[in-house]
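**Student:** Could you look at this predicted model? Sequence included:
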Amino acid sequence: MTTRDVLANWLAGYGAVPGERLPPERQLSETLGISRGELRKAMTALETEGYVERHVGRGTFLREVTAPDISYEPLLAQLSDVTSPHDAMIARLSLEPELAGHAAIHATQRHLAEARGLADAMRAARNWAEYEQLDSRLHELIAVATGNPLLVELHRIVNAVRLSVVWSNLEIPRDGPPDNYHSFSEHDKIISALEQRDRRAAHTAMRNHLKSVRATLLKDD
């Protein structure tokens, strides 16, 4: 049984209702008998699948999963086996600029405030693993801000495969990103476009950001 399954089974028996805040990370790791690093990975998996949502400074909350409950695990495993890192980035470039454009029209003030909070938190990330979790949450938030459930699910699938075939195969340095890391200013441009309700600017900013990420991660392509 994977750590993700251990956490999912515990949540199923915990009795929490949708919208309820889950126990703190330290308490959960002690309860489940797993490290906090393992817990974070499992929580990220459940967040990608739509079972929980995390908010900077507020904690982790159980989400309402509408019936029918669809498990993407078999599909994600199959896609990860046949998807190259280059393919994953092409998928992101095809999808995420459109998501940003739609989010510029439909994002609520709560979405925008949370996006700014995530951008600030990324600058303070103590290591790359923490940065990656926050980065995934920002991109997930932009998908959610479209208000389109189908687009949200498509993004979750692409993001889960991306984490499997790109990020998991990288050699991660101990230190966090440098102060001048390119994604910081790129995220700022995306969020500014969302705040200005500028659909075209949001689309362009996201596309430029992903091209920059691709150039950094896939240097041999």
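**Tutor:** Arrived safely. Numbers count the residues shown, from 1 in each chain.

**Student:** Flag the shaky bits of the protein, pLDDT-wise.
**Tutor:** 1, 12-17, 64-72, 167-174, 219-221 (pLDDT under 70).

**Student:** Now do the helices in it.
**Tutor:** 3-14, 25-32, 36-48, 73-82, 85-106, 109-123, 128-144, 149-165, 182-195, 199-217 (DSSP state H).

**Student:** Quick one: the ones you listed as CSV, columns for mean neighbour count and distance to Thr60 too.
**Tutor:** For glycine as for every other residue, the C-beta is placed from the backbone atoms N, C-alpha and C. Formatted as CSV, the helices of the chain follow (neighbours: other C-beta atoms under 10 Å; distance: least, C-beta to C-beta, whole Å):
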stretch, mean neighbour count, distance to Thr60
helix 3-14, 15, 10
helix 25-32, 14, 8
helix 36-48, 19, 6
helix 73-82, 13, 21
helix 85-106, 20, 22
helix 109-123, 17, 14
helix 128-144, 21, 11
helix 149-165, 18, 17
helix 182-195, 19, 22
helix 199-217, 18, 26
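
**Student:** Just put the ones you listed in TSV and tack on distance to Gly59.
**Tutor:** TSV is the format used below for the helices of the chain (distance: least, C-beta to C-beta, whole Å):
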stretch	distance to Gly59
helix 3-14	14
helix 25-32	9
helix 36-48	11
helix 73-82	26
helix 85-106	24
helix 109-123	13
helix 128-144	13
helix 149-165	21
helix 182-195	22
helix 199-217	28
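
**Student:** Any idea which of those helices gets closest to Arg63?
**Tutor:** Set against Arg63 and scored by C-beta to C-beta, the helices of the chain come closest in helix 36-48, at 8.6 Å.

**Student:** chain center to that closest one: distance?
**Tutor:** 11 Å (C-alpha atoms, centre = their mean, to the nearest Å).

**Student:** Residues contacting it, please?
**Tutor:** The contact list for helix 36-48 (C-beta atoms under 8 Å, 6 or more residues apart in numbering) reads 2-4, 6-8, 11, 25-26, 28-29, 32, 34, 52-54, 60, 129, 133, 136-137, 140, 156, 159-160, 163.

**Student:** among the helices of the chain, which is nearest Gly176?
**Tutor:** Of the helices of the chain, nearest to Gly176 by C-beta to C-beta is helix 128-144, at 5.9 Å.

**Student:** could you say what helices and strands that closest one packs with?
**Tutor:** If contacts are counted by 3 or more C-beta pairs under 8 Å, 6 or more residues apart in numbering; DSSP states H and E, helix 128-144 sits against helix 36-48, helix 85-106, helix 109-123, helix 149-165, helix 182-195.

**Student:** can I see the domain layout of the protein?
**Tutor:** Using automatic domain parsing, the domain parsing of the chain gives 3-62, 73-217.

**Student:** residues touching the closest residue in space to Leu154 that isn't next to it in sequence, list them.
**Tutor:** Residue nearest to Leu154 in three dimensions, not counting chain neighbours: Leu95, with 6.4 Å by C-beta to C-beta, 6 or more residues apart in numbering. By C-beta under 8 Å, 6+ apart, the contact set of Leu95 is Leu154, His155, Val158.
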